[in-house]
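> Generate a structure from the sequence data that follows.
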Amino acid sequence: MKLVILGGGASGMAAAIEAAHTNAHMDIIIAEKLDRPGKKILATGNGRCNFSNINASVDNYYGKDSNFTAWCLKRFTVNDTVNFFNQLGIFPKEEDKGKLYPFSGQASSVLDCLRNEIKRLGIHMETGFYAKEISKSKKSFKITAADKRVLYADKLIVAGGGCASPVLGSDGSCFELLRSMGHRVSELAPALVQMKTDPKEVRSLQGIKVNGVLRLIQKDRYIAEDRGEILFTDYGISGPPVFQLSARIPFRKNIIASIDLMPDNSPKEVYDILEYRRSCLSHLTMEDFFTGLLNKRVGNLIARRAGIDKLSFKAEMLDDRLLWSIASLIKDYRLEIKGTKGFGNAQVTAGGVLTADFDEKTMESKLVKGLYACGEVLDIYGDCGGYNLQWAWSSGRLAGKSAAEALM
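As a prediction, this is how the structure comes out:
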């Protein structure tokens, strides 16, 4: 009996290992389009591999039916993931916000441990296999590659990822393969990615980092917020809070980003600080008024947005109305979001193959018996911080176990 797994990324390798642990009496082949499996893993967590998060729950996931994740996350929990990797040699280290990393601080450690287990279990790795066609007879699947190589399988798991980071193997080709088998694919968009604004609003701030709170607003309705280092770029904003909140942007319109530059102070406290500075620094112009409080270029931009046309404006001329206007801008500096950077910059894909066509308890297709899917190819994606890799491990292991049991 033979199981073929399309995709040698996180979910595909997890599926293969779990399948081999479940049923040792079958042949398992991982068909990977690149020359080596797991390249995307090496890029996660800034090269350190944030492989899970102790806080992972259904609430951290998105898609047309995020509740599809519930059974999978219950069957293969975060603790199961920690134990799984512990047995492979990965000692975990918890950092801020529940993020889990290998104690070595190297993403290569995670990949090496997975490869070592795959080798130990005798799982065959077919690299450079770019699947172009899938067909099914009554008894088996036939998978044909671009170079005319052919694989046959009794069970097939599609774990080829989405469209994010195509240079690392996720080019969206598996969506077309699953479409050809009758599955529906939702609208696709980049997620966990930088946000774009009007370049005129941020160009003068390019390269500046501020620690603050970033909030997303849609038609004056609060969506979500995150705190951390925000980076201004020539196209918009980047940094951890931006990547985190970008998960909420796909398929929404009229999004406003609000930056609180002094989140530990109330608006009244910010006003009082400005009033004190006016009394002490009345001899300065607005060009230097913010020095020691805010980044100079940020302060200059706030002054202009408050209605001060010339930076030669003397601080002694600031009236209470202007001070309140400046205080309000420090607490709520707004930028209209024009979209996000593309799939080449994104960590994950929003959208995918509709989960309504799959059994949440086995990951098997309801349309094609013996066909399974897991990971990013499905219409599920998570917050930034280890949640997407947790989904890859959980969904991959569930698909692998289910397919292996079906071959017993």
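
> mind giving me the domain ranges of this protein?
Per automatic domain parsing, the domain ranges recorded for the chain read 2-188+349-406, 194-341.

> got CSV for those domains, with mean pLDDT too?
Shown next, in CSV, are the domains of the chain (pLDDT from 0 to 100):
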stretch, mean pLDDT
domain 2-188+349-406, 97
domain 194-341, 96
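
> Switch these over to a markdown table; also include mean neighbour count.
C-beta: built from backbone N, CA, C; applies to glycine. Below are those laid out as a markdown table (neighbours: other CB atoms under 10 Å):
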| stretch | mean neighbour count |
| --- | --- |
| domain 2-188+349-406 | 20 |
| domain 194-341 | 17 |
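
> Starting from the helix or strand that contains Lys200, tell me the next helix or strand along the chain.
Per DSSP states H and E: Lys200 is located in helix 199-202. Later in the chain than helix 199-202, the nearest helix or strand by DSSP H and E is strand 209-218.

> Residues in contact with that next one: which ones?
222-232, 237, 239, 241-242, 245, 248-249, 252-263, 295, 298, 334, 337 (CB atoms under 8 Å, 6 or more residues apart in numbering).

> Scan the protein for its longest strand.
Counting residues, the longest strand in the chain under DSSP state E turns out to be strand 221-232.

> Once you drop chain neighbours, what's closest to Glu364?
Nearest residue to Glu364, sequence neighbours excluded (CB to CB, 6 or more residues apart in numbering): Tyr372, at 5.2 Å.

> can you pull the contacts of that neighbour?
15, 155-158, 358, 362-365, 399, 402-403.

> you'd agree it is in a strand?
Yes. Counting by DSSP: H, G, I helix; E, B strand; the rest coil, Tyr372 falls inside a strand.

> from memory Ile302 sits against Ile330, does it?
Yes. Counting by CB atoms under 8 Å, Ile302 touches Ile330, with 6.5 Å between them.

> list residues touching both of these two?
Going by CB under 8 Å, 6+ apart, residues that sit against Ile302 and also against Ile330 are Leu294.

> give me every residue that touches Arg397.
Arg397 neighbours (CB under 8 Å, 6+ apart): Ala14, Ala15, Ile17, Glu18, Phe76, Asp80, Phe84.

> now it: how far from Thr77?
11 Å (CB to CB, to the nearest Å).

> Just the pLDDT at Pro190, thanks.
Per-residue pLDDT puts Pro190 at 96.

> which phi and psi does the residue lying closest to it once chain neighbours are set aside have?
In space, and not counting its chain neighbours, Pro190 is closest to Ala346: 3.5 Å by CB to CB, 6+ apart. Backbone torsions for Ala346, taken as degrees, to the nearest 10, come to phi -80, psi 150.

> tell me the contacts of Ala346?
Taking CB under 8 Å, 6+ apart as the test, what Ala346 contacts is Cys163, Ala164, Ser165, Pro190, Ala191, Leu192, Val193, Thr340.

> Looking at these, which two lie furthest apart in space?
Farthest apart among the contacts of Ala346 by CB to CB are Ser165 and Thr340. That separation is 14.1 Å.

> Next, the contact list for Glu133, please.
Ile143, Thr144, Leu177, Ser180.

> give me that answer again for 10 Å
Lys142, Ile143, Thr144, Ala145, Ala146, Val150, Glu176, Leu177, Ser180 (CB atoms under 10 Å, 6 or more residues apart in numbering).

> And Pro250, by the same measure?
Contacts of Pro250 by CB under 10 Å, 6+ apart are 62, 187-191, 193, 340, 346, 349-351, 381.

> Is it possible to get a markdown table of those that adds secondary structure and distance to Gln390?
A markdown table is the format used below for the contacts of Pro250 (DSSP: H, G, I helix; E, B strand; the rest coil; distance: CB to CB, whole Å):
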| residue | secondary structure | distance to Gln390 |
| --- | --- | --- |
| Tyr62 | strand | 14 |
| Glu187 | coil | 24 |
| Leu188 | coil | 22 |
| Ala189 | strand | 21 |
| Pro190 | strand | 20 |
| Ala191 | strand | 16 |
| Val193 | coil | 19 |
| Thr340 | strand | 23 |
| Ala346 | coil | 18 |
| Thr349 | strand | 16 |
| Ala350 | strand | 17 |
| Gly351 | coil | 19 |
| Tyr381 | strand | 12 |
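
> Closest to Leu205 out of those residues?
Using CB to CB, these come closest to Leu205 at Thr340, 18.6 Å.

> That closest one contacts Met195, doesn't it?
Yes. Contact criterion CB atoms under 10 Å: Thr340 and Met195 qualify, at 5.6 Å.

> Thanks again, I'm all set now.
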